[in-house]
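J.: My questions concern the predicted model and sequence given below.
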Amino acid sequence: MAIIIDGKAISQSIKDEVKAEVAELKEQGITPALAVIQVGSDPASTVYVGNKKKACEYTGIISKSFNPDENITESELLAIIKELNIDPTVNGILVQLPLPKHISESKVIAAISPEKDVDGFHVQSAGALMTGEKGFVPCTPAGIIELIKRTGIDIEGKECVVIGRSNIVGKPMAMLLLKENGTVTICHSRTKDLKSITKRADILVVAIGKPKFIDGSYIKEGAVVIDVGIHRGENKKLCGDVDFETAEPKAYAITPVPGGVGPMTIAMLMKNCLEAAKAANM
Ligand code: GUN
């Protein structure tokens, strides 16, 4: 029986740690604040944004909401960000993605001051992660490192395989595992003989975007399996990119879906907001 990595409990511990530090900051007259911008009313984004605001409320971080109509122009949106960049009462700026097609996501992300880039999506943040400079790390891969470490698993010297090469998960994940002295391989849709590579993995991070794609036959006996996917199955039940039923018996430890990686993203966002507020008041 594998260890089931409890992302809900671990994310709760992190939120409680943040909450305690926010309370201390408040005693010094510092109140961390996050500006959350949601363009339009995409239902999935509304749920995500709602959860982020709830976490702010829990940890004591002020959330300031901006919900412009989906017809807002790119330059109008950039103007909002510009104002938030110079607003000393705002420590973090989050623009919920995806944005409407007429707005360039990369331009919008580039407009956010790197000091307030709590999502860690700015090219300066990505570059800092690459070179080992200080900067914000994207929340999902940062949360995965916490899951691994807080389960008592050492990354150093391990064969780490990441499936997926997105800027938000795969690439920063690989950098973080490398920083922990793992030996890292990135696989993607053009990888040949995926199974021969995943079978080597001591730590396997799956962000492939296909429900239950990675079954037990892809997994080495005793591996740590981290499932980033989340899908609504035929039976309306949530499932990940990993076929839990066949993967779990092979694994040393595995994340469930839901309740694994998912809750960690918001917890790490709260941590980044706290760090932004601390840095702004140093
Ligand atoms: N859309 C889906 N996930 C995310 C995220 O982590 N941050 C932002 N800003 N948008 C998202």
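T.: It's in. As the structure is a prediction and not an experimental result, all values here were calculated from the model. Residues are numbered from 1 along each chain as shown.

J.: following the strand or helix carrying Ile197, which helix or strand comes up?
T.: Assigning secondary structure by DSSP states H and E places Ile197 in helix 194-198. Under the assignment DSSP H and E, the closest C-terminal helix or strand after helix 194-198 is strand 203-206.

J.: Would you agree Gly120 is in contact with Gly135?
T.: Yes. Taking C-beta atoms under 8 Å as the definition, Gly120 is a contact partner of Gly135 at 7.2 Å. Any C-beta I mention is one placed from the backbone N, CA and C, and that applies to glycine too.

J.: Tell me which residue in the stretch 1-150 of the chain sits closest to the ligand.
T.: When C-beta to the nearest ligand atom is the measure, the stretch 1-150 of the chain has its nearest residue to the ligand at Leu97, with 3.7 Å between them.

J.: Find the nearest non-adjacent residue to that residue, please.
T.: Glu105 (6.1 Å; C-beta to C-beta, 6 or more residues apart in numbering).

J.: follow-up on the earlier one: residues bridging contact with Gly120 and Gly135, i.e. touching both?
T.: The contact sets of Gly120 and Gly135 overlap at Leu129 (C-beta atoms under 8 Å, 6 or more residues apart in numbering).

J.: Just checking: what are the partner strands of the lowest-mean-pLDDT helix or strand in the chain?
T.: One helix or strand of the chain scores below all others by mean pLDDT, DSSP states H and E: strand 231-232, with a mean of 94. If you go by DSSP bridges, strand 231-232 pairs up with strand 238-239 (antiparallel).

J.: which of the residues in the next helix or strand after the strand it pairs with are buried?
T.: The helix or strand immediately downstream of strand 238-239 is helix 244-247, counting by DSSP H and E. The neighbour-count check on helix 244-247 (16 or more other C-beta atoms under 10 Å) flags 244, 247 as buried.

J.: heads up, I number from 580, so please use that
T.: With the count now opening at 580, the last piece we talked about shows up as helix 823-826.

J.: From the chain's centroid, how far away is the next helix or strand after helix 823-826?
T.: Downstream of helix 823-826, the next assigned helix or strand under DSSP H and E is strand 832-833. Here the centre of strand 832-833 is set off from its chain's centre by 19 Å, with C-alpha atoms, centre = their mean, to the nearest Å.
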